[in-house]
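S.K.: following is a predicted model, sequence given first.
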Amino acid sequence: TEPLDVERLREDFPILGRKVGGDVSVPGEGPGDDTPLVYLDNAATSHTPEQVVDVIADYYRSYNSNVHRGIHSLSQEASVAYEEAHDRVAEFIGADGREEVVFTKNTTEAMNTVAYAWGLAELGPGDEVVLTQMEHHASLVTWQQIGKKTGADVKYVRVTDDGYLDMDHARELVGDDTRMVSAVHVSNTLGTVNPIADLADLAHDHGAYVFVDGAQSVPNRPVDVTDLDADFFAFSGHKMCGPTGVGVLYGKRHLLEEMQPYLYGGEMIRKVTFEDATWEDLPWKFEAGTPVICQGIALAAACDYLDDIGLERIRAHEEGLAEYAYDRLTEHDDVTVYGPPGDDRGGLVAFNLDGVHAHDLSSILNDHGVAIRAGDHCTQPLHQEMGVAASARASFYLYNTEAEVDALVEAVDSARQLFA
Ligand SMILES: Cc1ncc(COP(=O)(O)O)c(CN[C@@H](CS)C(=O)O)c1O
């Protein structure tokens, strides 16, 4: 794959030219202006290119309106743009059409939609939901609580010592009582790329559905939900050059047709009497109230932006940076990097520096302009399994460079000196 022209791409993101520093909590210090920003927190959220910002501005400047209601011109323009945004996202992930693409607020809401609209109705004592130990709280807590409400059992596939999903254990756990297998595609903590197609086969062999958490895969690599044979798939716009406030629930059409909504109100109804109501067609049945109009239109623009670059090129670029970071960080034996080897992971590295709490480390890195995440990354049970309360995490995207990895490593070295 042809390497990315990163310097050219960075011109699409003015924020990357920001200087930071100074303690914003100290009056008068305000946002610093002396240290170049090195943004390595893309698994938390990505930045938004001018091309997408322009679409957002243009919407509010020229055709902002509520959708599916008015028959006036602005409403028609906004409705068509919003509906066509569903078509664009469907094409981006290999879905069959807008009927299989529900716009939510984020991945978390997409996970909850299936857990409530399908799980509460379908699960009961004796049923089983199989997760992995590397699940994000968006799926782990959701299915855990649905299990408590319905009496269904929730089980967790182990993670091997070298950070891979234990597929032998998966084959032990998934059986004829399994109703749902819910698995993260790329772990936001370990960087592990899970064998989703194999998990789907395993689930389907036992008459179970498979729900894929694609928050860290759709933005970062080519994903085709039909090839994977996923029954449900969730991801967020803000991690893929789109705005916050839009996520996507993909579902096989016949499953979404059978599912009852769990959020009621305008938009999602067809006919209402004092006694009952009937529902709109898909996907509107699951989009209650005024939907994420501008965000959805901007997400379609983000799909165009990423496709123009090429998802395979983005994957190769960020995985190359992750491998380079892995190799440079582990040059010292006082650094522990969690997850698979550097050449077999998604575009992130979670690590710890002996003797320095991740929060202290990230604070020191911030003094050097390096923005990473520290904490449990919404995977507390996984961190318990890893035997640590917290980790530092650097996550890369299409606009990061090897020089920024060097800045990370140098900042970690300054922390090493500080605490020596
Ligand atoms: C694998 C995975 N699954 C679900 C989510 C939730 O996405 P939302 O857009 O917040 O709903 C995330 C978001 N992970 C951020 C915030 S915790 C991170 O720093 O890793 C994720 O990584």
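M.R.: Received the coordinates, thanks.
S.K.: and residue 400, how far is that from the ligand?
M.R.: Going from residue 400 to the ligand by CB to the nearest ligand atom, to the nearest Å gives 16 Å. Every residue, glycine included, has its C-beta placed from N, CA and C.
S.K.: ok, that residue touching residue 42?
M.R.: Yes - taking CB atoms under 8 Å as the definition, residue 400 is a contact partner of residue 42 at 7.5 Å.
S.K.: shared neighbours of the two, anything?
M.R.: Common contact partners of residue 400 and residue 42 (CB atoms under 8 Å, 6 or more residues apart in numbering): residue 318.
S.K.: residue 228 contacts residue 194, doesn't it?
M.R.: No - if you go by CB under 8 Å, residue 228 and residue 194 don't touch, sitting 10.8 Å apart.
S.K.: neighbour count: these two, which is higher?
M.R.: For residue 228 and residue 194, the more surrounded residue by other CB atoms under 10 Å is residue 194, and the numbers stand at 23 against 20.
S.K.: and stretch 164-182, anywhere near the ligand?
M.R.: No - using CB under 6 Å from any ligand atom, stretch 164-182 stays clear of the ligand, coming no nearer than 10.8 Å.
S.K.: what pLDDT, on average, does that stretch get?
M.R.: In this model, stretch 164-182 has a mean pLDDT of 98.
S.K.: give me the distance from the longest helix belonging to the chain to the chain's centre.
M.R.: Longest helix of the chain, by residue count under DSSP state H: helix 73-93. Distance, stretch centre to chain centre, for helix 73-93: 22 Å (CA atoms, centre = their mean, to the nearest Å).
S.K.: next one: stretch 273-284
M.R.: With CA atoms, centre = their mean, you get 31 Å for stretch 273-284.
S.K.: list of residues touching it?
M.R.: Stretch 273-284 is contacted from outside by 68, 86, 98-103, 253, 256-257, 261, 264, 267-272, 285, using CB under 8 Å, 6+ apart.
S.K.: what's the span of that stretch, first residue to last?
M.R.: 19 Å (CA to CA, to the nearest Å).
S.K.: what residues sit buried inside it?
M.R.: The neighbour-count check on stretch 273-284 (16 or more other CB atoms under 10 Å) flags 280, 282-284 as buried.
S.K.: with adjacent residues omitted, what lies nearest to the residue most central in space within the chain?
M.R.: Per CA atoms, centre = their mean, the C-alpha nearest to the average position across the chain is that of residue 215, at 1.8 Å. Nearest non-adjacent residue to residue 215, counting by CB to CB, 6 or more residues apart in numbering: residue 107, 4.4 Å away.
S.K.: tell me the contacts of the one you found?
M.R.: 138, 213-215, 234-236, 247.
S.K.: in helices only, show me the residues you listed.
M.R.: Among those, the ones falling in helices (DSSP H) are residue 138.
S.K.: now the contacts of residue 107 in JSON lines, with pLDDT?
M.R.: Output for these, formatted as JSON lines (pLDDT from 0 to 100):
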{"residue": "138", "pLDDT": "98"}
{"residue": "213", "pLDDT": "98"}
{"residue": "214", "pLDDT": "98"}
{"residue": "215", "pLDDT": "98"}
{"residue": "234", "pLDDT": "98"}
{"residue": "235", "pLDDT": "99"}
{"residue": "236", "pLDDT": "98"}
{"residue": "247", "pLDDT": "98"}
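S.K.: which of the contacts of residue 107 lies closest to residue 351?
M.R.: Within those, proximity to residue 351 (CB to CB) peaks at residue 215, which comes in at 20.8 Å.
S.K.: ok, the closest one - contacts?
M.R.: Applying CB under 8 Å, 6+ apart to residue 215 gives the contacts 107, 136, 138, 184, 188, 234-236, 239.
S.K.: from those residues, which are also near the ligand?
M.R.: Restricting the contacts of residue 215 to those adjacent to the ligand (criterion: CB under 6 Å from any ligand atom) gives 107, 136, 138, 184, 188, 236.
S.K.: for those residues, which two are the farthest from each other?
M.R.: Greatest spatial distance among those (CB to CB): 184 and 236, at 13.1 Å.
S.K.: separation between the residue lying closest to residue 311 once chain neighbours are set aside and the ligand?
M.R.: The shortest distance from residue 311 to any non-neighbouring residue, by CB to CB, 6+ apart, is to residue 222 (4.3 Å). When distance is defined by CB to the nearest ligand atom, residue 222 is 18 Å away from the ligand.
S.K.: so residue 222 touches residue 313, yeah?
M.R.: No - in this structure, residue 222 is not within contact of residue 313 by CB under 8 Å, at 10.0 Å.
S.K.: count of residues packed around residue 97?
M.R.: 13.
S.K.: which ones are touching it?
M.R.: Residue 97 touches 87, 90, 253, counting by CB under 8 Å, 6+ apart.
S.K.: isn't there a strand covering residue 103?
M.R.: Yes - counting by DSSP: H, G, I helix; E, B strand; the rest coil, residue 103 is found in a strand.
S.K.: could you measure it against residue 146, distance?
M.R.: 22 Å (CB to CB, to the nearest Å).
S.K.: which one's more surrounded, these two?
M.R.: Under the criterion of other CB under 10 Å, the comparison of residue 103 against residue 146 puts residue 103 first, with 27 against 21.
S.K.: for that one, which residues make a bridge with it?
M.R.: Per DSSP bridges, the residues bridged to residue 103 are residue 248.
S.K.: quick one, what contacts it?
M.R.: Counting by CB under 8 Å, 6+ apart, residue 103 has contacts 85-86, 89, 246-248, 283, 287, 291-292, 295-296, 299.
S.K.: tell me where the stretch 1-150 of the chain has strands.
M.R.: 19-20, 35-36, 38-39, 101-104, 128-132 (DSSP state E, counting those that start in this stretch).
S.K.: partners of the last one, with directions?
M.R.: Just to be clear, that refers to strand 128-132. In the sheet, strand 128-132 lines up against strand 153-157 (parallel), strand 178-184 (parallel) (DSSP bridges).
S.K.: identify the residues contacting that strand?
M.R.: Under CB under 8 Å, 6+ apart, the answer for strand 128-132 is 119, 123, 139-140, 143, 146-147, 152-157, 159, 165, 170, 173-175, 177-184, 194, 203, 208.
S.K.: many thanks, I have nothing further to ask.
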